[in-house]
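Engineer: fold the stuff below for me.
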Amino acid sequence: MTSRTTGGLLFEGSDWTFDTLSRSYDAIEEVAKEDLKLDCYPNQMEIISSEQMLDAYSSIGLPLMYRHWSFGKHFVQEETGYRKGHRGLAYELVINSNPCIVYLMEENTMAMQALVTAHAAFGHNHFFKNNYLFRQWTDANAILSYMAFAKDYVARCEERYGLAAVESILDAAHALMGQGVFRYRRPPRLSAERERLRSLERLEYEEKTFDDIWRTLPQRAGEDEQGEGGLDAQERRRRLKLPEENLLYFIEKNSLILEPWQREIVRIVRVVAQYFYPQRQTKVMNEGCATFTHYTILNTLFERGRVDEGTMLELLASHANVVFQPEFDDPRYGALNPYALGFAMMQDIQRICTEPSSEDRDWFPDIAGNGDWRGTLLDAWENHRDESFVRQFLSPKVMRDFRLFALGDVEGASHYEVAAIHDERGYRRVRSLLADSMDVGANQPDIQVADADLLGNRHLKLVHTVRRGVELSDRGREATLRHINRLWGYRVSLVSVDAETGEELDEFAAGPV
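Structural biologist: Here you go, the predicted structure:
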């Protein structure tokens with residue numbers, strides 16, 4: 001049994017005060033930085049009510065957000081479920097910004113305030129600051145200033161052009177947010193003041209030079225075949241830098257019907273979509289990092305005599321609920337719990353580094369027995385996303401603990417086939433399939449701009465690459481084309497192409513011929 005040193009309890013009982021919050025924060029910070037070697041942004045702690053938490057939910061977790069009916073709808077859904085007891089609220093909410101904003105629920109007990117402080121203010125905070133995806137694709141220094149500009153800009157557009165006009169653009173842009181991100185090339189980083197000034201300058205210039213009469217000019221002879229003043233299709237695509245993966249970006253830059261203010265709103269939605277894209281790729285790692293952090297910090301505080309047994313029982317009960325993984329035949333099962341899988345893998349890395357088995361030495365020769373579990377975890381948190389983390393660090397032990405296996409799903413078959421079990425080949429297949437399932441880019445429809453004749457018939461040609469035979473649903477395809485057509489204004493066609501053979505499977509279109 002680990003001996004406990006005396007340091008004095010940080011708090012007693014369930015009630016909290018700002019003094020106990022401050023004292024606990026200092027103790028947690030000491031363990032986080034000195035023992036775990038975490039590198040975090042400065043924290044800004046905010047205490048909010050349940051209704052404020054619901055409001056934060058509805059605006060996708062950002063403290064500043066423009067108005068849109070979907071946020072109100074989301075608020076009503078969340079509030080109704082919460083008031084009727086059908087769902088609970090998160091104990092905290094954390095914003096990827098500098099300083100890192102952490103919202104704590106005022107209804108939390110003091111024990112829970114300590115847990116979520118360790119979880120969010122240090123676990124998530126460290127991950128936001130250090131993971132390569134967040135460093136490359138987001139700028140924590142800029143997002144709050146940019147969202148303040150976006151909120152004010154959308155409000156001014158509503159006053160000037162009317163709620164219905166602004167809502168129409170936002171509806172279409174929101175529907176296409178999944179196709180409004182750069183996946184393979186890094187966009188320019190936001191600089192708060194520079195970005196705000198550039199946006200204002202761009203809008204002023206476009207409003208001064210915009211002339212709607214150019215849109216009404218008749219098509220010149222021969223433009224239907226070549227367009228762009230006689231350029232052939234290949235040269236046209238080269239000048240437009242096609243194919244383009246970011247559909248909202250291409251529309252923002254090239255749509256002939258959007259007015260300057262509409263173009264800026266599309267850009268705002270695109271920036272928000274890009275900001276959240278890394279979080280979609282790191283759910284297991286981000287939550288696993290935060291859960292491992294709060295578990296390690298709170299156990300360290302208990303060993304040092306800073307929290308008592310009653311507090312630890314409450315904390316461990318909450319922790320157990322967070323990492324609970326229902327069995328596949330449990331009515332509560334929905335998918336793998338990212339908290340449970342991430343936490344289990346990170347505890348397993350700690351074990352492999354300190355007490356490896358012969359199996360671990362075969363599977364992980366680079367880290368087995370190295371004794372440096374802190375450095376190994378810090379390196380993993382910094383340099384991986386969910387897909388690569390699972391592919392590199394998921395061990396046979398964790399697969400056995402979670403009872404993972406693979407099913408073969410053949411279209412038209414009357415039953416499933418167990419395709420991988422717990423043997424050497426099966427472990428590797430299960431790990432590979434699970435990693436593939438976490439690749440956001442591979443599991444989201446791949447729709448790219450293939451061609452656009454801007455000076456001819458304005459026809460926008462899109463290509464959907466079909467992988468593993470998974471095509472778009474009729475309803476989803478029709479909605480996608482409708483929203484694209486709203487922003488493009490001319491004919492839009494979508495060709496489905498098989499990823500392996502290159503064969504054209506089908507073609508659909510929307511808009512005037």
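Engineer: shaky segments in the protein?
Structural biologist: 1-7, 56-63, 69-91, 185-231, 410-411, 513 (pLDDT under 70).
Engineer: what do you get if the cut-off is 80, keeping everything else the same?
Structural biologist: 1-7, 50-92, 184-233, 408-421, 441-443, 468-469, 511-513 (pLDDT under 80).
Engineer: quick one: P512 and Y490 touch, right?
Structural biologist: Yes - taking CB atoms under 8 Å as the definition, P512 is a contact partner of Y490 at 7.0 Å. Bear in mind the C-beta positions are built from the backbone N, C-alpha and C, glycine included.
Engineer: the two - which one has more neighbours?
Structural biologist: Legend: neighbour count by other CB atoms under 10 Å for P512 and Y490, higher for Y490 (19 against 10).
Engineer: ok, that one - contacts?
Structural biologist: 256-257, 457-460, 511-512 (CB atoms under 8 Å, 6 or more residues apart in numbering).
Engineer: now, which of those sits nearest D171?
Structural biologist: I257 (15.8 Å; CB to CB).
Engineer: what about that closest one, which SS state?
Structural biologist: Three-state assignment for I257 (DSSP: H, G, I helix; E, B strand; the rest coil): coil.
Engineer: tally of neighbours for it?
Structural biologist: 14.
Engineer: ok, for it, nearest residue in space, not its chain neighbours?
Structural biologist: Nearest non-adjacent residue to I257, counting by CB to CB, 6 or more residues apart in numbering: G489, 3.3 Å away.
Engineer: which of the contacts of Y490 count as buried?
Structural biologist: Listed as buried from these are 457-460, 511; burial here means 16 or more other CB atoms under 10 Å.
Engineer: please report how far K253 lies from E507.
Structural biologist: 25 Å (CB to CB, to the nearest Å).
Engineer: then A317?
Structural biologist: Taken as CB to CB, the span from A317 to E507 is 57 Å.
Engineer: what does Q179 give?
Structural biologist: 18 Å.
Engineer: settle it for me: which of those two has more neighbours?
Structural biologist: Neighbour count, other CB under 10 Å: between Q179 and E507, Q179 has more, with 25 against 11.
Engineer: hang on, isn't that one packed against Y249?
Structural biologist: No - contact criterion CB under 8 Å: Q179 and Y249 do not qualify, at 9.7 Å.
Engineer: contacting residues around D498?
Structural biologist: With CB under 8 Å, 6+ apart, D498 has these contacts: 466, 505.
Engineer: for it, give the beta-bridge partners.
Structural biologist: V466 (DSSP bridges).
Engineer: inside helices: which ones of the buried ones among the contacts of Y490?
Structural biologist: Among the buried ones among the contacts of Y490, none falls in helices (DSSP state H).
Engineer: adding distance to N96, write the residues you listed out as CSV.
Structural biologist: Shown next, in CSV, are those (distance: CB to CB, whole Å):
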residue, distance to N96
N457, 43
R458, 39
H459, 40
L460, 34
G511, 38
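Engineer: ok, these vs P42, which is closest?
Structural biologist: The closest of the buried ones among the contacts of Y490, once distances to P42 are taken by CB to CB, is L460, at 45.7 Å.
Engineer: is it true that that closest one touches L487?
Structural biologist: No - using CB under 8 Å as the test, L460 is too far from L487 to be in contact (9.8 Å).
Engineer: need the residues that contact stretch 424-434.
Structural biologist: Taking CB under 8 Å, 6+ apart as the rule, stretch 424-434 contacts 336, 390-391, 394, 396, 399, 404-406, 419-420.
Engineer: of these, closest to R183?
Structural biologist: Closest to R183, out of all of the contacts of stretch 424-434 and judged by CB to CB, is R391, at 17.9 Å.
Engineer: which ones are touching the closest one?
Structural biologist: 431-432, 435.
Engineer: neighbour-wise, give me the winner out of those residues.
Structural biologist: R431 (23 neighbours).
Engineer: what about R160, how many neighbours?
Structural biologist: 10.
Engineer: against I257, how distant is it?
Structural biologist: For R160, the distance to I257 - CB to CB - is 18 Å.
Engineer: how about A148?
Structural biologist: 29 Å.
Engineer: in JSON lines: the contacts of R391, plus distance to S97 and secondary structure.
Structural biologist: Compiled in JSON lines, the contacts of R391 are given as follows (distance: CB to CB, whole Å; DSSP: H, G, I helix; E, B strand; the rest coil):
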{"residue": "R431", "distance to S97": "35", "secondary structure": "helix"}
{"residue": "S432", "distance to S97": "36", "secondary structure": "helix"}
{"residue": "A435", "distance to S97": "30", "secondary structure": "helix"}
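Engineer: among those residues, which one lies nearest to G469?
Structural biologist: S432 (19.2 Å).
Engineer: quick check: the gap between that closest one and I268.
Structural biologist: Distance from S432 to I268, by CB to CB: 39 Å.
Engineer: and D366, by the same measure?
Structural biologist: Distance check for D366 against I268: by CB to CB, it reads 44 Å.
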